[in-house]
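**Student:** 3D, please:
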Amino acid sequence: MPGSELASRAGSLAAPAAAAPSPSLRASGDNLQPALKEMGNLRLILALNIAICQQMSLAESDLEDEEVVQSAPSPRAVAALSRYYHTRCAGSAADSRATEGVCLGLLECRAEGGASIGSCGLLGVCCAVERSCFSSSALKVSYFVGPSDTMTTSCSFNVQVKNPAVCQVRLDFENFNLAQPTGASTDGQQYWFGCDTDRFSVASPYSGNLGFKHLCGRNHGQHMYVPANSTPAMDYLVLRVQLGSERSRVSWRIKVTQLECEQPAPPPWALPSPVLSALNRQLQSLRSETRADLDVLAPPGCLQYYTNSTGTFESFNYDGTAGRYLPELNYAICFKRYPDTCQISYSFEDFQVGAVTGNANYTNQDCEDATTYKDYLYIPSVSDSDQGIKFCGNQTSLPIQVSKSPGPLQVHFHSNVWRLKIFQQYGFKIHYTTQSC
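**Tutor:** Reported below is the predicted structural model:
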């Protein structure tokens, strides 16, 4: 391909505001618009110019199109410019509360009302975007924070799912302090229990299957996964907080991360030369490699998902035994199964769920028949048995439980609205370790 033609195309890309182009060039420019919107004008133009400059070394050779395509730059040649755009990034600013953001151009970050908490790629900034009441965001990472106005009684945040690759949204409760659940006694002994003063909820097309209605109390460090879909009329996810009378004591800061699944490659853009078409294919391949969040996606049906091989999980509002586990829960807590994992062990540090009398330990049918509360933690395939076990009561001296369940590793927690007044019913704190055989 002659060098003069390459130089002409480079000029048309780098200076789109020049004199009126011919109809053919105008058509090429129109075809480039999806790419410019996707990758960001500056990064894509620089990337394309890199490709053109590399090809200009061959300008005096009369090469066939196939030879030109084969000599197109590798993805790594443009990685520093484009691969991190709109991906998650780690913050490094010491004065920022945000530990993670989204990689944007500086001007785009400012337009979103965000703050730079570090750098990413070659030209980007790690942008932390905070939103409060009655706002929205379509960014991969954003923060929903409580208002400074103590008169607020209702607050909502709309998570806009515009990216067709997004299949889950993860909510990390970096700070979550609402009023404790309250109850009303029916006979002086048992009472109805619920989040009556303050409550957090999630509204989405899938909210009926999440495993909870409301959260309240203290839930620092907790998280949850919500299914997501960019299909019109299904692309919404609304976080809502309803507040009672003591609004000065409440606070929350929730990191919202839109997680991407693997996706089919989009149709190729109509670009003006085999060189640029080859670069486009490489950029798309690089984009899929960078943006898929496969390591942190939860198995279907899991409200919570732990990816470390060892760790600790707690009931909502456990708060170091100072809280009470929440009512109307029915959800799965899942753990990542590594290729060599064949079992998982559970060590109970604290456990008080559906307690009835003294320090009694209940299992299985006792958790259904011995009480009217029917609250329990279910562990499948315990020890060498194929049967699962339901645990309830005060499990004060329970030995380590080992589960060899096939498929996803999980436990299941269930609670209703009734409690016995003489016990606090703080919930559970359990250590887990996945093990190879």
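
**Student:** From residue 112, how far off is residue 326?
**Tutor:** Note on residue 326: its distance to residue 112, by CB to CB, to the nearest Å, is 34 Å. For glycine as for every other residue, the C-beta is placed from the backbone atoms N, C-alpha and C.

**Student:** Those two: who's more crowded?
**Tutor:** Neighbour tally, residue 326 and residue 112, criterion other CB atoms under 10 Å: the higher count belongs to residue 326, 26 against 18.

**Student:** How about the backbone phi and psi for that one?
**Tutor:** With angles defined as degrees, to the nearest 10, residue 326 sits at phi -90, psi 160.

**Student:** Identify the residue spatially nearest to it, adjacent ones excluded.
**Tutor:** Nearest residue to residue 326, sequence neighbours excluded (CB to CB, 6 or more residues apart in numbering): residue 316, at 4.9 Å.

**Student:** hang on, residue 108 is in a strand, isn't it?
**Tutor:** No - assigned with DSSP: H, G, I helix; E, B strand; the rest coil, residue 108 falls outside any strand and is helix.

**Student:** what's the burial count for it?
**Tutor:** 19.

**Student:** returning to that earlier point: pretty sure the residue nearest to residue 326 is in a helix, no?
**Tutor:** No - Residue 316 is assigned coil when assessed by three-state DSSP, not a helix.

**Student:** so it makes contact with residue 221?
**Tutor:** No - under the criterion of CB atoms under 8 Å, residue 316 makes no contact with residue 221, lying 10.9 Å away.

**Student:** Between these two, which has more neighbouring residues?
**Tutor:** Under the criterion of other CB under 10 Å, the comparison of residue 316 against residue 221 puts residue 316 first, with 26 against 13.

**Student:** Report the contact partners of that one.
**Tutor:** 212, 215, 217, 219, 222, 325, 326, 329, 427 (CB atoms under 8 Å, 6 or more residues apart in numbering).

**Student:** now swap in residue 89 and tell me
**Tutor:** Taking CB under 8 Å, 6+ apart as the test, what residue 89 contacts is 100, 101, 102, 103, 118, 120, 124, 126.

**Student:** Wait, residue 403 touches residue 346, no?
**Tutor:** Yes - here residue 403 lies in contact with residue 346, judged by CB under 8 Å, at a distance of 7.1 Å.

**Student:** Give the residues shared as contacts by those two.
**Tutor:** Any residue near both residue 403 and residue 346 by CB under 8 Å, 6+ apart counts here, and that gives residue 379.

**Student:** The stretch 101-250 of the chain: strands as residue ranges?
**Tutor:** Taking DSSP state E, counting those that start in this stretch, the strands of the stretch 101-250 of the chain run over residues 115-120, 124-128, 130-131, 135-137, 141-145, 154-160, 166-177, 182-185, 190-194, 199-203, 223-227, 236-242.

**Student:** what about the fourth one, average pLDDT?
**Tutor:** Model confidence over strand 135-137 averages 95 on the pLDDT scale.

**Student:** Tell me where this protein has helices.
**Tutor:** For the chain, the helices defined by DSSP state H cover 3-14, 23-39, 41-56, 65-70, 75-82, 106-111, 274-291, 366-369.

**Student:** show me what contacts residue 146?
**Tutor:** By CB under 8 Å, 6+ apart, the neighbours of residue 146 are 132, 155, 241, 250, 251, 252, 253.

**Student:** which of those tops the neighbour count?
**Tutor:** Of the contacts of residue 146, residue 241 is surrounded by the most neighbours, 25 neighbours in total, counting by other CB under 10 Å.

**Student:** Domain boundaries for the chain, per the record?
**Tutor:** Following automatic domain parsing, the chain resolves into domains at 3-83+263-291, 159-260, 302-436.

**Student:** I'd like the distance between residue 241 and residue 326.
**Tutor:** To residue 326, residue 241 is 15 Å away according to CB to CB.

**Student:** Just give the closest residue to residue 351, not the sequence neighbours.
**Tutor:** residue 395 (3.8 Å).

**Student:** wait, doesn't residue 402 sit right on residue 379?
**Tutor:** No - judged on CB under 8 Å, residue 402 makes no contact with residue 379 at a distance of 9.3 Å.

**Student:** intersection of neighbour lists for these two?
**Tutor:** Listed as contacting both residue 402 and residue 379 by CB under 8 Å, 6+ apart are residue 346.

**Student:** For those two, work out which one has more neighbours and name it.
**Tutor:** The neighbour comparison of residue 402 against residue 379 (other CB under 10 Å) goes to residue 379, with 21 against 16.

**Student:** which ones are touching the more buried one?
**Tutor:** Residues near residue 379 by CB under 8 Å, 6+ apart: 346, 388, 389, 391, 401, 403, 411.

**Student:** isn't residue 246 right up against residue 177?
**Tutor:** No - using CB under 8 Å, residue 246 makes no contact with residue 177, being 11.3 Å away.

**Student:** if we can go back for a sec, now distance to residue 437 and pLDDT too, for the contacts of residue 316, in TSV please.
**Tutor:** Compiled in TSV, these are given as follows (distance: CB to CB, whole Å; pLDDT from 0 to 100):
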residue	distance to residue 437	pLDDT
212	34	94
215	37	96
217	39	95
219	35	97
222	31	98
325	33	91
326	36	92
329	33	94
427	31	92
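
**Student:** Output the below-cut-off pLDDT ranges for the stretch 51-200 of the chain.
**Tutor:** Applying pLDDT under 70 to the stretch 51-200 of the chain flags residues 51-84, 95, 185-191.

**Student:** Test of understanding: give the bridge partners of the closest residue to residue 364 other than its chain neighbours.
**Tutor:** Distances taken as CB to CB, 6+ apart place residue 390 nearest to residue 364, at 5.2 Å, with adjacent residues excluded. Beta-bridge partners recorded for residue 390 (DSSP bridges): residue 378.
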